[in-house]
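Got a predicted model here, sequence first, then my questions.
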Amino acid sequence: MMKKLFFVAILCLAFTTLYSQNTKTANDYKLEGKEAYKQKDYGKALAAFESAIKICKKENTPDNTLYYNAAYCAIKAKKYSKSAMYFDKSIKVNYKTSKAYLYKAISYKKLNDDKNFELTLKEGLKVFPDNYKLKKQLFNLYFKKGSKDYNAGSEILQKAAPLAKSNPKKYTQEQNKANVIFKKALPMIVKAHNIIPKNKQAIESLISMYQSLGMKDKEAEMKNLLKTL
């Protein structure tokens, strides 16, 4: 008899626990997520916020903070596809929009998705044209792309420098090789310069390329700008 009663008690406890778990509210999960975040358990925090999102959606009681919270936990947990998705949702509900654009872009950067990285930054700058953090990310994207060719062209010129007096013809040949590469680098460095016009590194790169390419007016323009910094 005692065994039966004990079994019934255990069974009731199991049903009670299961019922309790199934009746957790969105706010319960939200608090659980916040606590997990404090403990730096970002995976657990993300799961809790996602559960809260599902309940809110089912009950038609939207909580705009949840998308951003889920997204931020996802990026901390290095789940970049999810973070990009949730930051996008945060943008759509106009919650912490400028930060959401930035971190959505960074999510794509972490995924090595340059196309969506660039697109997200451009979209963000349409809404927040003076946001320096968005500008800096886009500047770095263009400058990094342009610098690969710029550095290759500069290396050719550097190696050829001793030939300028000893063998001018050979030097000109090497300079022409460098100029072909500079012409590939130029559009990207110009794009970067247009985003942050007073970046010294970009200006100096442009001066060097304009000088080698014989673009004296542009070279003078950049030199004058450099003097104002």
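All right, it came through fine.

quick one: which helix or strand includes the most centrally placed residue in the chain?
Nearest residue to the geometric centre of the chain (C-alpha atoms, centre = their mean): Ile106, 1.7 Å. Taking DSSP states H and E as the definition, one finds Ile106 inside helix 97-110.

Pull the number of nearby residues for Lys104.
28 (other C-beta atoms under 10 Å). Every C-beta, even on glycine, is put in place using the N, C-alpha and C of the backbone.

Of all the residues in the helix holding Ile106, which ones are buried?
For helix 97-110, a neighbour-count test (16 or more other C-beta atoms under 10 Å) marks 97, 99-110 as buried.

And for stretch 28-37?
Tyr29, Lys30, Glu32, Gly33, Ala36, Tyr37.

Likewise for stretch 43-52?
Under the neighbour-count criterion of 16+ other C-beta under 10 Å, stretch 43-52 has Lys44, Ala45, Leu46, Ala47, Ala48, Phe49, Glu50, Ser51, Ala52 buried.

Now do the same for it: mean pLDDT, whole number.
Stretch 43-52 carries an average pLDDT of 97.

Could you find the closest non-adjacent residue to Leu186?
Spatially, and ignoring its direct neighbours in sequence, Leu186 is nearest to Met209 (5.8 Å; C-beta to C-beta, 6 or more residues apart in numbering).

Okay, and the one you found sits in which element?
helix 200-213.

which of the residues in that helix are buried?
For helix 200-213, burial by neighbour count (16+ other C-beta under 10 Å) applies to Ala202, Ile203, Ser205, Leu206, Ile207, Ser208, Met209, Tyr210, Gln211, Ser212, Leu213.

Domain-wise, how is this structure divided?
25-129, 138-227 (automatic domain parsing).

re the thing from before, which helices and strands sit right next to the helix holding Met209?
helix 132-160, helix 168-195, helix 216-227 (3 or more C-beta pairs under 8 Å, 6 or more residues apart in numbering; DSSP states H and E).

Reformat those helices as CSV; add mean neighbour count, distance to Thr65 and mean pLDDT.
Below are the helices and strands packed on helix 200-213 laid out as CSV (neighbours: other C-beta atoms under 10 Å; distance: least, C-beta to C-beta, whole Å; pLDDT from 0 to 100):
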stretch, mean neighbour count, distance to Thr65, mean pLDDT
helix 132-160, 18, 21, 97
helix 168-195, 17, 31, 97
helix 216-227, 14, 44, 98
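
wait, which of the ones you listed is closest to Ser90?
Closest approach to Ser90 among the helices and strands packed on helix 200-213 (C-beta to C-beta): helix 132-160, 15.3 Å.
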